[in-house]
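1. Requesting a structural model of the entry that follows:
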Amino acid sequence: MDFEKLKTHLAAHGVQKYRLTQIRKAVYEQGVRSWDQMSAVPAPLREELAPQFPMLSCKLAALRISKVSDARKALLEFKDGARIETVLLNAGSGWSVCVSSQVGCPVRCVFCATGKMGFKRNLSAIEIEEQVLFWLQHVRQEKLAQRISSVVFMGMGEPFMNYTEVVKAIGLISSHDGLGIGQRHISVSTSGFPRGIMKLASDLPQVNLALSLHTVDDLERSRLMPINRRFGLDDLKKALELYIKRTKREVFLEYAVMAGHNDSPAHARKLIEWVRSISGSYLLHVNLIPCNKVKGSQFEASTGDAERFAARLLPAGVKATVRKSLGHDIAAACGQLAAGSEGKR
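-> Prediction:
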């Protein structure tokens, strides 16, 4: 819901200011799904506002719930027919929402299902915020234990290619008048845009940064991630050093372990050397993710592959964690989002 437009509308029609506060509370605290559920707001006002200010600008096209982990995936459709996927995850410390920032993705990493979609359009700040709002409504409706405690920009799209709207969305998500999720509980993942990394350090220094790395060999990385042909590892190294210098914040290096492609002892040695060469390397933390299977892709790995790779990094003083893959059975894990057309399950 566009609360700025709602505020202007209410003021123009002489509606008392406290009504806006009541509506905000119903939407952001109670997670109501319709105007009919706002019992504190007079019925005539609800009937007037409902057609002009819908709760969400999107509708649910499909919902899938994992049978093996605390993961749920929603396929949302906007008025222009554009579809995106968003995920609700719980690894034990509260619910986290994985949001998309674009419809499709122009970066086209070869191991990612979203990249195979191509790029359709950017999402607006409100369309991004509404993904979190959708899951808030879901959590309230289903009476799920624990609250939404974090948001990660790790869904469809490259956040730094929609930078302005992503920054606005973070403002909406973290606003005390809105969802109120602190910026230290919001993470942005990039495939590697140095300018975006440096701007984030200045504009939102409290937000967590994650860099999709996957290998520290320029030729290999260019094959896996075409963006590396524009911005190579030296460019990323400089951007990371500047980011660390400005923010003094930990940076997460995402490394999808792909059996037979980037998981050898030689790959580990190169990664150790690259991490150590960065000024402020003590603030770098490698997140190892078993590469999730994507239809038509040759890339795959198991948790055991990631654990063996971690065992090579840790003795060298490189901080590393093997991340548990959630939602792989419903194609909701890293690299699997593709805005499919499957029906509800």
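2. and for the worst-scoring helix or strand of the chain on mean pLDDT, what are the contacting residues?
-> Least confident helix or strand, the chain: helix 113-117 with a mean of 87, by mean pLDDT, DSSP states H and E. If you take CB atoms under 8 Å, 6 or more residues apart in numbering as the criterion, helix 113-117 is touched by 104-105, 107-109, 156-157, 294-297, 331, 335-339. For every residue, glycine as well, the C-beta is placed using N, CA and C.
3. any idea which helix or strand carries residue 133?
-> Element membership for residue 133, per DSSP states H and E: helix 125-142.
4. tell me the mean pLDDT over that helix?
-> Averaging pLDDT along helix 125-142 gives 96.
5. next structured bit after that helix?
-> Once helix 125-142 ends, the next helix or strand along the chain (criterion: DSSP H and E) is strand 148-153.
6. which other residues reach that next one?
-> With CB under 8 Å, 6+ apart as the criterion, strand 148-153 contacts 88, 93-99, 101, 132, 135-136, 139, 159, 166, 173, 179, 181, 185-189, 210.
7. run the last query once more with 6 Å
-> 94-99, 101, 132, 136, 159, 173, 181, 185-189 (CB atoms under 6 Å, 6 or more residues apart in numbering).
8. same deal with stretch 188-196?
-> 107, 153-154, 158-160, 163, 207, 210, 212, 225, 227, 231, 235-236, 239.
9. State the pLDDT value of the nearest residue to residue 177 once chain neighbours are set aside.
-> Closest residue in space to residue 177, ignoring its immediate chain neighbours: residue 24 at 6.1 Å, by CB to CB, 6 or more residues apart in numbering. Note on residue 24: pLDDT of 95.
10. What is the subsequent helix or strand relative to the helix or strand hosting residue 24?
-> Residue 24 is part of helix 17-28 when elements are defined by DSSP H and E. Tracing the chain past helix 17-28, the next element assigned as helix or strand by DSSP H and E is helix 43-49.
11. Quick check: buried residues in that following helix?
-> Residues 45, 46, 49 are the ones in helix 43-49 that count as buried (16 or more other CB atoms under 10 Å).
12. can you confirm residue 252 is in a helix?
-> No - under DSSP: H, G, I helix; E, B strand; the rest coil, residue 252 sits outside any helix and is assigned strand.
13. Who does it form a beta bridge with?
-> Legend: beta-bridge partners of residue 252 under DSSP bridges are residue 210, residue 285.
14. distance of it from residue 263?
-> Distance of residue 252 to residue 263, computed by CB to CB, to the nearest Å: 19 Å.
15. the more surrounded of those two?
-> Set residue 252 next to residue 263 and count neighbours by other CB atoms under 10 Å: residue 263 wins out with 23 against 20.
16. For residue 88, pull up the helix or strand it's in.
-> strand 83-90.
17. roughly how far is the helix or strand just after that strand from the heart of the chain?
-> Next helix or strand after strand 83-90 toward the C-terminus (DSSP H and E): strand 95-98. Computed by CA atoms, centre = their mean, to the nearest Å, the chain-centroid distance of strand 95-98 equals 8 Å.
18. same thing with stretch 270-287?
-> The answer for stretch 270-287 is 23 Å, by CA atoms, centre = their mean.
19. okay, that stretch in PDB with CA atoms only?
-> Taking Å, rounded to 0.1, in the frame of the first residue of the first chain, the C-alpha atoms of stretch 270-287 are listed here in PDB:
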ATOM      1  CA  LYS A 270      43.400 -19.600  -4.400                       C
ATOM      2  CA  LEU A 271      40.500 -18.500  -2.300                       C
ATOM      3  CA  ILE A 272      42.600 -18.400   0.800                       C
ATOM      4  CA  GLU A 273      45.300 -16.300  -1.000                       C
ATOM      5  CA  TRP A 274      42.600 -13.900  -2.400                       C
ATOM      6  CA  VAL A 275      40.900 -13.300   1.000                       C
ATOM      7  CA  ARG A 276      44.200 -12.800   2.800                       C
ATOM      8  CA  SER A 277      45.300 -10.200   0.100                       C
ATOM      9  CA  ILE A 278      42.400  -7.900   1.000                       C
ATOM     10  CA  SER A 279      43.000  -5.200   3.600                       C
ATOM     11  CA  GLY A 280      40.600  -5.800   6.400                       C
ATOM     12  CA  SER A 281      40.300  -9.500   5.500                       C
ATOM     13  CA  TYR A 282      39.500 -10.300   9.200                       C
ATOM     14  CA  LEU A 283      36.000  -8.900   8.300                       C
ATOM     15  CA  LEU A 284      35.400 -11.300   5.400                       C
ATOM     16  CA  HIS A 285      33.300 -14.400   6.100                       C
ATOM     17  CA  VAL A 286      32.800 -17.100   3.500                       C
ATOM     18  CA  ASN A 287      29.400 -18.600   3.300                       C
END
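20. pLDDT averaged over it - what is it?
-> pLDDT averaged over stretch 270-287 gives 98.
21. what sits against the residue nearest to residue 246 when sequence neighbours are not counted?
-> Nearest non-adjacent residue to residue 246, counting by CB to CB, 6+ apart: residue 201, 4.3 Å away. Residue 201 is in contact with 243, 246, 247, counting by CB under 6 Å, 6+ apart.
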